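Chemist: have a look; sequence and predicted model below, questions after that.
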Amino acid sequence: MANATDNRPLLRLSEVSKDFDVSRPWLNRMIEGAPQQLLRAVDGMSFELRRGETLALVGESGCGKSTVARLIVGLYAPTQGRIEFDGIDLALPGAAALRRRMQMIFQDPYASLNPRWRVMDIVAEPIRVLGLASSAAEIERRVAELLVQVGLAREDREKYPHEFSGGQRQRISIARALSGSPEFLVCDEPTSALDVSVQAQILNLMTTLQETLGLTYLFISHNLAVVSHVADRVGVMYLGRLAELSDADELFARPKHPYTRMLLDAIPDLQMSGKARTPVAGEVPNPLNPPSGCAFHPRCPHANERCRVERPAALPHGASLVTCHAVHEGRIQV
Amino acid sequence: MSEPLLEVKDLHVEFPTRRGTLTAVDGISFSIAPGEVLGVVGESGAGKSLTGMAVIGLLEPPGRIADGEIRLEGRRIDTLPYEEMRRIRGRRIGAIFQDPLTSLNPLYTIGDQLVETILTHLEISPQQARSRALALLGEVGIPAAESRFDHYPHQFSGGMRQRVVIALAICAEPRLIVADEPTTALDVSIQAQIITLLKRLARDHGTAVLLITHDMGVIAETADRVAVMYAGRIVEIGPVREVIHAPRHPYSVGLMGSIPKIRERDASGAGKHGRPRLIQIEGSMPRLNAIPSGCAFHPRCPKRFEPCDRERPELFAAGANRTACWLYGERNR
C-alpha cells in the first residue's frame, strides 16, 4: 500500500465547489415570489495532499474550511468538481471502501463521543464495523494498545466519557480515529476547545503519532500559531477560495497574499517587540452576496480597478499558489 | 502611585454542595490603579471568571463570597444589598462578557438599549441620551452609527455586536471595566480591533480594566500587570513583560512554553522528522473536590521538593514579580 517513496498525491481536489440551499421555505417562495438562494461555501478549490505531510487550511469563521473537511470525508457531496483519493474518484460507486482509509477528528470532544458508551465500545466500534479483528480478545487487546498509544491507561476502557477532562476526551477521539488503521486523518480544529497546556499535549501527541504511523493530516484551524507548529504546507482560505497555498516556512517568512499578511499581522504579539500593527479594517463579507472581482478587494489596501472587476485565478508564484492580481502584476513587493 | 481603584483582599468564593463545600477561589488579593489594565490568565477551572463575577456582584447562587473583601474607590462593595449593587453595576463598574449575543436583548434595537442604559444611570434628557449614544457608537468604531441606531442585535456581525456591548459597558463612564474573555468568540482580525479599542478606553478615560482571558497574546498586547491563576489561587503576579518573558512559578513557565509561537521555524529547519515539540505540563488541573495539599501544583511540578506537598506557599518576591512557590520562599534563600 502506501509507502514513503510513492510520489502520487494521496488526495486531490479538482475545482471542488459546494453550494448550500439557504432559500426560504417553498411555500414562502411561492407566495412572496422570493427566488431560490444558494450559498457557495466552497468555490472551485483545487489542491493536493502528499503522503505523510500535514496540510493546514486556515481562515476566519465562514471561510469554508470545515466544509472542505466534510466534503473530503464524505459528510457532504460536492456540487461540482472531483475529489480523488489514491487516484480514485470518491464519487464512483464502490469508492466508499476507500473511506475506510480516512478518519476525522472533530473540534468538540464533548459532543463527538457518545455519553452512554464506555470508552471500550467507543474505540472498538470502527474495529467491529470494519471487521478488523476476529475475536473479542483481539479487539480488547487492540483497544488497550490504542489507549496506551494516545497516553491513556488501559484501565480507562471501562469508564464513560464524562469521567474524563476535555484533553483526555480528545485523546479518546484520536484513539477511536486510529482504531480503523487509517492512513489519513482530517482534523477539524482538534485543539480549539482545549486549554493551551492541554493543546500542547495533544499537538505533541499528534506529531508523535504522525512520525510513528506515517499518517497524513489535513489540519483545519483558525489559529496560525498552532498551524505554524504542525504544518508542512498551509492553505489560506477566504470566502470559499484559496487565497494562498505555500510551504509553511515560506508562508510565515514571506506571506504573499494581502489577506495572509493581514492574518499574520493580527496575531497578538507575545514578544512585545512594540512593533506597530497594521490596523485590520473591515470584516468577512456576507457569503450570500460576495463582492465582485476578488472577494477580498473591499478590505485590501492594494485593490485597484482590475481587482474590483476581474476575479483572480490561483496562479503559481515561486513555489506557491497565489490568488491575487497585485502579486502577479508585481504591484506588491514579495 | 495613586490610590488603588479596586482592591480585592483575601477573596474566597465557595460552592456548598451536598458532598461538602468546594472552594473555587481560595484567598486571592490584588488591586488595580486608575487607568491600569490587570490581566488575569489561567486555564478553565482556575477561578478567574468567578473572581470577575464576585467583583461585579453577580455570583450565581449557591456560589458565595465566603471570606475577604472587595473595595471600589475605598468603599466596600461585596456586602452591599442587591439594589445598591445594581446601581453601582453599570454606573461605576461596566461588564463585558464573552458572547455578545447573550449580553444584548434581541427584542430591542441597539439604540433603545443604549438610551435606556444611559437614562438609568445619568440624569439627562432623552435627546441628550440619544446624542450620547450616537457618540459612543462612533467611539467604539461602528461606522454610520446614525443608520445602524435602529437595527437589532441579529443584524450585526459578531465583532460589531461586541462593540455595541463595549459601548453599553462604558456609557455611564464607569471607573472599572470587568472584561471576561471579551475577544474569545471573535476572529483574529476582529480580536485585534477590540483589543486596540479596550486599550484606548483605559488610556483616554483613566478607566481601570480587569481583563480575564485564557489568551496570553491578548494579555501581552493589553495588560500592564498580569496575575496567573491556578486552582483558585494566584500563583504569580507582576508586570506583564516580566511574567511573560521571565516567569518564575513552574506553572507559569509551563504555561508560557506550551503556547505555540510563530517561528522558531527557520531555526529548527522544520524537517519532517524531529519536528519541534511544545513544552508540555504533564497531567491536568485538579478538580475542585480534590485540590492537592500544600501547593496545589505540586503533583505536576517538575521542581517540587520537601515543603511543597505540606505547606501552602504565600506570594514571595521574585524579581519584579511575586510568586507562590517555595523555590522563592525565605527558607530557601
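Modeler: The structure has been received and is ready for your questions.

Chemist: rest of the way, CA atoms for contacts and neighbours
Modeler: Will do.

Chemist: ok, the closest residue to B:C325 other than its chain neighbours - how many residues close by?
Modeler: Nearest residue to B:C325, sequence neighbours excluded (Cα to Cα, 6 or more residues apart in numbering or on different chains): B:P313, at 5.7 Å. Number of residues near B:P313 (other Cα atoms under 10 Å in any protein chain shown) recorded here: 19.

Chemist: who are the contact partners of B:P313?
Modeler: Shown in contact with B:P313 (Cα atoms under 8 Å, 6 or more residues apart in numbering or on different chains): B:294-295, B:324-326, B:329.

Chemist: now the lowest-mean-pLDDT helix or strand in chain A, how far from the centre of its chain.
Modeler: Least confident element among the helices and strands of chain A, by mean pLDDT, DSSP states H and E: helix A:26-32 (a mean of 84). Put simply, helix A:26-32 sits 37 Å off its chain's centre (Cα atoms, centre = their mean, to the nearest Å).

Chemist: returning to what we had before: can you lay out the contacts of B:P313 as TSV showing distance to A:C187 and pLDDT?
Modeler: TSV is the format used below for the contacts of B:P313 (distance: Cα to Cα, whole Å; pLDDT from 0 to 100):
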residue	distance to A:C187	pLDDT
B:G294	40	92
B:C295	37	94
B:A324	38	94
B:C325	38	94
B:W326	41	93
B:G329	45	84
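
Chemist: need the buried ones from these selected in PyMOL.
Modeler: Command for PyMOL that selects the buried part of the contacts of B:P313, burial taken from 16 or more other Cα atoms under 10 Å in any protein chain shown:
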select buried, chain B and resi 295+324+325+326+329
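
Chemist: any chance of the contacts of B:P313 in JSON lines with secondary structure as columns?
Modeler: Output for the contacts of B:P313, formatted as JSON lines (DSSP: H, G, I helix; E, B strand; the rest coil):
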{"residue": "B:G294", "secondary structure": "coil"}
{"residue": "B:C295", "secondary structure": "coil"}
{"residue": "B:A324", "secondary structure": "coil"}
{"residue": "B:C325", "secondary structure": "coil"}
{"residue": "B:W326", "secondary structure": "helix"}
{"residue": "B:G329", "secondary structure": "coil"}
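
Chemist: which of the contacts of B:P313 sits closest to B:F305?
Modeler: Taking Cα to Cα as the measure, B:F305 lies nearest B:W326 of the contacts of B:P313, at 8.4 Å.

Chemist: could you find the closest non-adjacent residue to the closest one?
Modeler: Closest residue to B:W326 in three dimensions, ignoring its sequence neighbours and counting by Cα to Cα, 6+ apart: B:P313, at 5.9 Å.

Chemist: let me know the distance separating that neighbour from B:M256.
Modeler: Note on B:P313: its distance to B:M256, by Cα to Cα, to the nearest Å, is 21 Å.

Chemist: so the residue nearest to B:C325: helix, strand or coil?
Modeler: For B:P313, the secondary-structure state derived from three-state DSSP is coil.

Chemist: also the one 4 residues further on?
Modeler: The assignment at B:A317 comes out as strand when based on three-state DSSP.

Chemist: could you give the bridge partners of it?
Modeler: Beta bridges link B:A317 to B:R322 when assigned by DSSP bridges.

Chemist: and the pLDDT for it?
Modeler: Note on B:A317: pLDDT of 92.

Chemist: cool, B:K272 as well?
Modeler: Per-residue pLDDT puts B:K272 at 42.

Chemist: what packs against the host helix or strand of A:I72?
Modeler: Applying DSSP states H and E as the criterion places A:I72 in helix A:65-73. Applying 3 or more Cα pairs under 8 Å, 6 or more residues apart in numbering or on different chains; DSSP states H and E, we find helix A:65-73 packed against strand A:38-49, strand A:102-105, strand A:184-188, strand A:216-221.

Chemist: of those strands, which is nearest chain B?
Modeler: Comparison of those against chain B by Cα to the nearest Cα identifies strand A:216-221 as nearest, at 11.5 Å.

Chemist: chain A against chain B: which residues are in contact?
Modeler: A:53, A:60-61, A:195-201, A:203-204, A:207, A:211, A:222, A:224-226, A:228-229, A:232, A:249, A:252, A:262-263, A:266-272, A:279-280, A:283 (Cα under 8 Å from any Cα of the partner chain).

Chemist: narrow the residues you listed to those in helices?
Modeler: Counting by DSSP state H, those place A:196-201, A:203-204, A:207, A:211, A:224-226, A:228-229, A:249, A:252, A:262-263, A:266 in helices.

Chemist: need the contact list for A:R100.
Modeler: A:R100 touches A:130, A:180, A:182, counting by Cα under 8 Å, 6+ apart.

Chemist: which of the residues you listed are buried, as a ChimeraX select command?
Modeler: Buried subset of the contacts of A:R100, written as a ChimeraX selection, criterion 16+ other Cα under 10 Å:
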select /A:180,182
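
Chemist: where are the low-confidence patches of chain B?
Modeler: Scanning chain B for pLDDT under 70 picks out the ranges B:1-2, B:263-274, B:331-333.

Chemist: which residues in it form strands?
Modeler: Assigned by DSSP state E, chain B shows strands spanning B:6-17, B:20-32, B:37-41, B:64-72, B:75-76, B:93-96, B:176-180, B:208-212, B:225-230, B:233-239, B:316-318, B:321-323.

Chemist: what residues does the stretch 101-250 of chain B have near chain A?
Modeler: Selection of the stretch 101-250 of chain B residues close to chain A by Cα under 8 Å from any Cα yields B:187-193, B:214, B:216-218, B:220-221, B:241, B:244-245.

Chemist: pull out the buried residues from those.
Modeler: B:187-193, B:214, B:216-218, B:220-221, B:241, B:244.

Chemist: and the closest residue to B:V226 other than its chain neighbours, bridged to which residues?
Modeler: If the residues on either side of it in the chain are set aside, B:V226 comes closest to B:G39, at 4.4 Å by Cα to Cα, 6+ apart. Beta-bridge partners recorded for B:G39 (DSSP bridges): B:L211, B:V226.

Chemist: check contacts around B:G39.
Modeler: By Cα under 8 Å, 6+ apart, the contact set of B:G39 is B:210-213, B:219, B:222-227.

Chemist: which of these sit farthest apart?
Modeler: B:T213 and B:D224 (14.2 Å).

Chemist: neighbour count: the two, which is higher?
Modeler: Ranked by neighbour count (other Cα under 10 Å), B:T213 and B:D224 place B:T213 first, with 24 against 18.

Chemist: hang on, the more buried one packs against B:S44?
Modeler: No - if you go by Cα atoms under 8 Å, B:T213 and B:S44 don't touch, sitting 9.9 Å apart.

Chemist: what's the closest non-adjacent residue to A:A69?
Modeler: Across the structure, with Cα to Cα, 6+ apart as the measure, the residue nearest A:A69 apart from its sequence neighbours is A:V186 (6.4 Å).

Chemist: give me every residue that touches the one you found.
Modeler: A:69, A:73, A:102-105, A:217-220 are the contacts of A:V186 under Cα under 8 Å, 6+ apart.

Chemist: count of residues packed around residue 16?
Modeler: Just so you know, I chose chain A. Quick note: A:V16 (other Cα under 10 Å) scores 22 neighbours.

Chemist: right idea, wrong chain: chain B
Modeler: Applying other Cα under 10 Å, we find 13 residues neighbouring B:P16.

Chemist: try A:L194
Modeler: For A:L194, the neighbour count with other Cα under 10 Å is 20.

Chemist: surely it meets A:S165?
Modeler: No - in this structure A:L194 lies outside contact range of A:S165 using Cα under 8 Å: 9.7 Å.

Chemist: quickly list what the residue nearest the centre of chain A is bridged to.
Modeler: Most central in chain A under Cα atoms, centre = their mean is A:I220, positioned 2.8 Å from the mean C-alpha point. A:I220 has the following beta-bridge partners by DSSP bridges: A:L57, A:D188.

Chemist: any idea how far A:Q107 is from it?
Modeler: Noted for A:I220: a distance of 10 Å to A:Q107, by Cα to Cα.
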